[in-house]
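[1] Quick one: sequence and predicted model below, then my questions.
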Amino acid sequence: MTERLFRFEKTLAGLERKGRRRALLPHDAIDFTSNDYLGLANSPRIKSAIAEALERGVAVGSGGSRLLRGNHPEHQALESDAAAFFGTERALHFSSGYSANTALFSTLPQRGDLIVHDALIHASAREGIAASRAQAVLARHNDVASFDEAIRTWRQDGGMGHPWIAVESLYSMDGDRAPLAELLALAERYDGFLVVDEAHATGVFGPNGRGLAAAMEGRDNVIQLHTCGKAIGVSGALVAAKAVICDYLVNRARAFIYSTAPSPLMAACVREALKILVDEPQRRSEFEQLWRFANGQMLAQLGAPASGSQIMPVMIGDNCRALGIAARMRAEGFDIRAIRPPTVPEGTARLRIAITLNVDRPAIVRMFERLSAISIEEGV
Ligand SMILES: Cc1ncc(COP(=O)(O)O)c(C=O)c1O
């Protein structure tokens, strides 16, 4: 290998030594890892929506940025349906949750503002925060007093702008929920904003799957991010907010402006998925029964506390051990992945078990039986 390439290999070898090297794996075992919570990724209704859109002559590619030739009627129809669905003045469609989060945080908080974000917030929000002109500070996970203290200290030190509280409504790697009502009260008290990443709650929680912050929809200081690649089963994201916020993003968010618009077909699929959320509430109730059953199994078979959601981390600690257990589970037909730093804090490597409608109760029971046995063999 040439010297030019060797430095990359050296870094990879270092990651390997720490149990942090990643590789792309096939997915041929039973799904205990995807975010396809409602099983919509393979939905016949969404597939028909694509076929029907093609029939109507909808293009595959958007052909450009939304601000140029890439703005299709499908995007606008989706945004109008989504605004009505989420009870907000406007919705803005992004090609991914990652780009929406970077856009939100790098664009909306202004110089002189303060962003206080939860310690466990997603990497895409961190990316946006790092690019923001606002000052940023981290609050302890789900600790309202820590958010409060950060804002108070900033104000006492002369902070004059608006504070932005940034959280996930349901944490992607822990499965626990943010204290949204208290955080909104804090935002109100300090004349600030609350930005809620609903990625893992959209479609699953709240009326019609509108998310855990559904009760706050439409407020001028609440901005919600709904990703479309998880329970919605497609890809992309919708920012739901006041019209002025969406207009501002259209004018200032580089990730929105300097990027080809999502395929109009994806917009048609997400529209159909939103209709499914309304038409098929039984999916959500069936899903709730299933993840509650899985929470019970986890407690009974692993003695591990239930997270109270479909995301159930099994804490292992050591990277290599987590990798080893996940590999053994996959070899036995259960697709389970080890989540390691930097995705999660150092020393908290875990198996992230996610329940979806792609599995049934007998599979859940078998999986936990094997996981319990393998964990004991591995000394966990
Ligand atoms: C909490 C959270 N926010 C944002 C994202 C990014 O969304 P997307 O996968 O659509 O880019 C993810 C995806 O992993 C996530 O878990």
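    That came in fine, so what should we check first?
[2] C-alpha from now on. contacts and neighbour counts both.
    OK.
[3] Return the residues in contact with R340.
    By Cα atoms under 8 Å, 6 or more residues apart in numbering, the contact list for R340 reads 20, 319, 346, 348-350.
[4] I165 in helix, strand or coil?
    Recorded secondary structure, I165: strand (DSSP: H, G, I helix; E, B strand; the rest coil).
[5] tell me the pLDDT at the residue lying closest to R328 once chain neighbours are set aside?
    Leaving aside its sequence neighbours, R328 sits nearest to I374 (Cα to Cα, 6 or more residues apart in numbering; 7.8 Å). Per-residue confidence (pLDDT) for I374: 97.
[6] Would you mark the buried spots in the helix or strand hosting I374?
    Assigned by DSSP states H and E, I374 belongs to helix 361-377. Using 16 or more other Cα atoms under 10 Å as the burial criterion, the residues of helix 361-377 that qualify are 364-365, 367-372, 374-375.
[7] Over to stretch 139-156?
    Those would be 139, 141-142, 144, 146-148, 150-151, 154-155, for stretch 139-156 by 16+ other Cα under 10 Å.
[8] List the ones among those that fall in helices.
    If you go by DSSP state H, these have 144, 146-148, 150-151, 154-155 in helices.
[9] relative to helix 361-377, how tilted is the longest helix along the chain?
    Ranked by residue count under DSSP H, the longest helix found in the chain is helix 281-302. Angle, helix 281-302 to helix 361-377, by axes from the mean of the first three to the mean of the last three Cα atoms, to 10 degrees: 30 degrees.
[10] outside of helix 281-302, which residues touch it?
    Taking contacts as Cα under 8 Å, 6+ apart, the residues outside helix 281-302 that touch it are 37-38, 203-205, 208-209, 304-310, 312, 355-357, 360-361, 364-365, 368-369, 372.
[11] Pull out the buried residues from those.
    For the contacts of helix 281-302, buried by 16+ other Cα under 10 Å: 37-38, 203-205, 208-209, 304, 306-307, 309-310, 312, 355-357, 364-365, 368-369, 372.
[12] which ones among those come in contact with the ligand?
    Subset of these in contact with the ligand: empty, counting by Cα under 6 Å from any ligand atom.
[13] Narrow these to those in helices?
    Per DSSP H, these map to helices at 364-365, 368-369, 372.
[14] and the gap between the residue nearest to R328 and the ligand?
    28 Å (Cα to the nearest ligand atom, to the nearest Å).
[15] Please apply the same query to S43.
    Distance from S43 to the ligand, by Cα to the nearest ligand atom: 18 Å.
[16] Now name the helix or strand holding the residue in the stretch 251-380 of the chain that the ligand sits nearest to.
    Residue nearest to the ligand within the stretch 251-380 of the chain: T343 (10.2 Å; Cα to the nearest ligand atom). Assigned by DSSP H and E, T343 falls within no helix or strand.
[17] residues contacting it?
    Counted by Cα under 8 Å, 6+ apart, T343 has contacts A123.
[18] Please report how far it lies from A187.
    28 Å (Cα to Cα, to the nearest Å).
[19] And M1, by the same measure?
    M1 is 55 Å from A187, by Cα to Cα.
[20] Give me the more crowded residue out of those two.
    Legend: neighbour count by other Cα atoms under 10 Å for M1 and A187, higher for A187 (23 against 7).
[21] E369: what's its closest spatial neighbour, skipping adjacent residues?
    Q301 (6.7 Å).
[22] number of nearby residues for the one you found?
    If we define neighbours as other Cα under 10 Å, then Q301 has 15 of them.
[23] And it, what's its pLDDT?
    The model reports Q301 with a pLDDT of 95.
[24] Name the nearest of the buried residues of helix 361-377 relative to G192.
    Nearest to G192 among those is I364, at 43.1 Å by Cα to Cα.
[25] now do the same end-to-end measure for stretch 197-208.
    Separation of the first and last residues of stretch 197-208 by Cα to Cα is 17 Å.
[26] Could you report the neighbour count for the residue of the chain found nearest the ligand?
    The minimum distance from the chain to the ligand, using Cα to the nearest ligand atom, falls at G97 (3.3 Å). Applying other Cα under 10 Å, we find 24 other residues in the vicinity of G97.
[27] Now the two most distant members of the ones in helices among the buried ones among the contacts of helix 281-302.
    Among those, I364 and S372 lie farthest apart (Cα to Cα), at 12.1 Å.
[28] got the residues of the stretch 101-250 of the chain near the ligand?
    Near the ligand, the residues belonging to the stretch 101-250 of the chain are 122, 168, 172, 197, 199, 227, 229, 235-237 when assessed by Cα under 6 Å from any ligand atom.
[29] The chain: strands as residue ranges?
    30-31, 90-94, 114-118, 135-139, 163-168, 193-197, 222-227, 237-241, 311-317, 334-335, 337-339, 349-354 (DSSP state E).
[30] Show me the contact partners of the first one.
    Outside strand 30-31, the residues that touch it by Cα under 8 Å, 6+ apart are 333-336, 356, 358-359.
[31] Likewise for the second one?
    Under the contact criterion Cα under 8 Å, 6+ apart, strand 90-94 has outside partners 75, 78-80, 82-83, 100, 236-243, 246, 256, 261-262.
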